[in-house]
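Enquirer: Mind looking at a prediction? Sequence and model below.
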Amino acid sequence: MSDPTGLPDSSLAALRHVFRPGDPGYDEELSGFQLGFSPRPDVIVGATGVDDVRTAVAHAAAHGLPVGVQATGHGVPAATEGGLLITTRRMDGVRIDPGARTATVEAGVRWRQVIEAAGPHGLAPLNGSSPVVGAVSYTLGGGLGLLAREFGYAADHVRALDVVTADARLRQVTPDSDPDLFWALLGGGHNFGVVTALEMDLVPVARLYGGALLFDGELRDDVVATYLDWWGTVPETLTSSLAVMVYPDMEQLPPFLRGRYTLSIRVAFTGDEAEGERLVAPLRAIGPAITDSLREMPYTDSATIHSDPDFPHAYWGDSAMLSGLDARTLTELLELTGPDAPVMCIVQLNPLGGALASRPEVPNAVPYRDAAFLIRGLSPLAGPDLPAVRELYGRFFDRLAPVTVGRSLNFVFADGARTKGLYDAGTARRLTGLKAHYDPANLFRRNYNIRPAESAGSGVSPGGR
């Protein structure tokens, strides 16, 4: 159909998976993990390979259609309303090179596939807590993973990317071949093209000491105070998080969790079990745990640390990168989002630092390296909940404004209309300038749209709060 240098035909007639509103299969092709927001593209191209992507991009350029990209549908591509959506779920190839300790993954690959392919070689990817998230989009947004304090962002370990740019050409992008585009893709993502594959480093981790301690909400103040004191005393080989929520009263849950207010401390440590037990002793001393799953495990079981839901659902939320956080402020936030909140709230705090604060050998556009914490607030949506959810988190993040340095690209949670704070000023200026070079017609749009420099005033806001 095409070659990497010649322009493809812009007709979609020869493609196998093309859907328009009203066609059989349209809704199924559009569906993803996020069920709360349903933009309706004029056309969906279910890509089976690079040639399909190039043809779709050529068609969009010829007809003036904005382009969105969807792998698993955890995010919402804002461009798809009235535009063209490329779904990449059929592009699911994974290749492991155990000698080079790398994985090459296609655009639709989920982390579970990479974890399972790397495991027999004693290797692990820098994946996040959920194995059903798409590996490529996660990495393009930075990628804050289970081993983040030891190894940094997943984007820091990318060696090469294959990307179809606005001219419908396939480019193999490395730090040597095109350092500007390489920098922009890792942080700016699909705003600069459709990444069809990437090559990433794997780390020599075959096993972990990890799991979670789940405490009753009656111990909230003790858990908060202990955790904020404890995390700074542990080595960078230990990455952790604190999650707080009221479990829904659902029959699918064990009776002892239904409707219960809980705090969960999650741990992933690459040292040995005896040292892991010593490090978590102050956490166990907080009081009796509802459940304690801390143990040694193969890395292939790492998804059990968080046990994130793997079923599609509707949700909304936001995030903030913080310069610091004290126990009093966190307790006030948990009062706001606790059992008396008008909607169910899930709050998660991730201490950062360690390798996350280091500049990678090959620079990228992932911002806010000096942030001390990432905090996220998320609520499931049911019926007309959205206004109440937005109002609640407006108050939540306003309370954090004095210590907020920005927001996290991967944790926008369907809030694509709010672009303020996604990049620091210098990163935003460089990204908007490169957008004008690589995509002057603003063909590619993510739910955090970067616009060419000449129209940057309505695109990504450069600063934090």
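Expert: Sure thing, it's come through.

Enquirer: Do you know the pLDDT at residue 454?
Expert: Note on residue 454: pLDDT of 46.

Enquirer: likewise residue 238?
Expert: Residue 238 is given a pLDDT of 98.

Enquirer: gap between it and residue 353?
Expert: Distance, residue 238 to residue 353, by C-beta to C-beta, to the nearest Å: 11 Å. To be clear about C-beta, it is placed using only N, CA and C from the backbone, and glycine gets the same treatment.

Enquirer: And for residue 404?
Expert: 17 Å.

Enquirer: between these two, who's got more neighbours?
Expert: Shown here are residue 404 and residue 353; by other C-beta atoms under 10 Å, residue 404 has more neighbours (20 against 17).

Enquirer: Isn't the more buried one up against residue 320?
Expert: Yes - here residue 404 reaches residue 320: they are 4.7 Å apart, a contact under C-beta atoms under 8 Å.

Enquirer: re earlier: shared neighbours, residue 238 and residue 353?
Expert: Overlap of the contact sets of residue 238 and residue 353 (by C-beta atoms under 8 Å, 6 or more residues apart in numbering) consists of residue 149.

Enquirer: Skip the chain neighbours and tell me the closest residue to residue 393.
Expert: Using C-beta to C-beta, 6 or more residues apart in numbering and skipping the chain neighbours, the partner closest in space to residue 393 is residue 377 (5.1 Å).

Enquirer: just checking, the one you found is part of a strand?
Expert: Yes - looking at residue 377 with DSSP: H, G, I helix; E, B strand; the rest coil, it is inside a strand.

Enquirer: For it, which residues are in contact?
Expert: By C-beta under 8 Å, 6+ apart, residue 377 lies in contact with 317, 318, 319, 337, 345, 346, 347, 393, 396, 397.

Enquirer: follow-up on the earlier one: shared neighbours, residue 404 and residue 320?
Expert: residue 397.

Enquirer: follow-up on the earlier one: just checking, which of the contacts of residue 377 belong to helices?
Expert: Judged by DSSP state H, the subset of those located in helices is 393, 396, 397.

Enquirer: ranking these by neighbours, who comes first?
Expert: residue 393 (23 neighbours).

Enquirer: wait, isn't that one in contact with residue 319?
Expert: No - assessed by C-beta under 8 Å, residue 393 is found out of contact with residue 319, at 10.0 Å.

Enquirer: quick one, what contacts the most centrally placed residue in the chain?
Expert: Nearest to the geometric centre of the chain sits residue 410, at 3.6 Å (C-alpha atoms, centre = their mean). Contacts for residue 410 (C-beta under 8 Å, 6+ apart) come out as 138, 141, 142, 143, 144.

Enquirer: same check, this time on residue 81
Expert: Residue 81 is in contact with 39, 40, 41, counting by C-beta under 8 Å, 6+ apart.

Enquirer: one more time with 10 Å
Expert: Going by C-beta atoms under 10 Å, 6 or more residues apart in numbering, residue 81 touches 38, 39, 40, 41, 42, 66, 68.

Enquirer: Next: residue 223.
Expert: Applying C-beta under 10 Å, 6+ apart to residue 223 gives the contacts 213, 215-217, 242, 244, 262-265, 283, 286-287, 334.

Enquirer: Report the buried members of those.
Expert: By neighbour count, with 16 or more other C-beta atoms under 10 Å, those hold 213, 215, 217, 242, 244, 262, 263, 264, 265, 283, 286, 334 as buried.

Enquirer: who wins for most neighbours among the contacts of residue 410?
Expert: residue 143 (28 neighbours).
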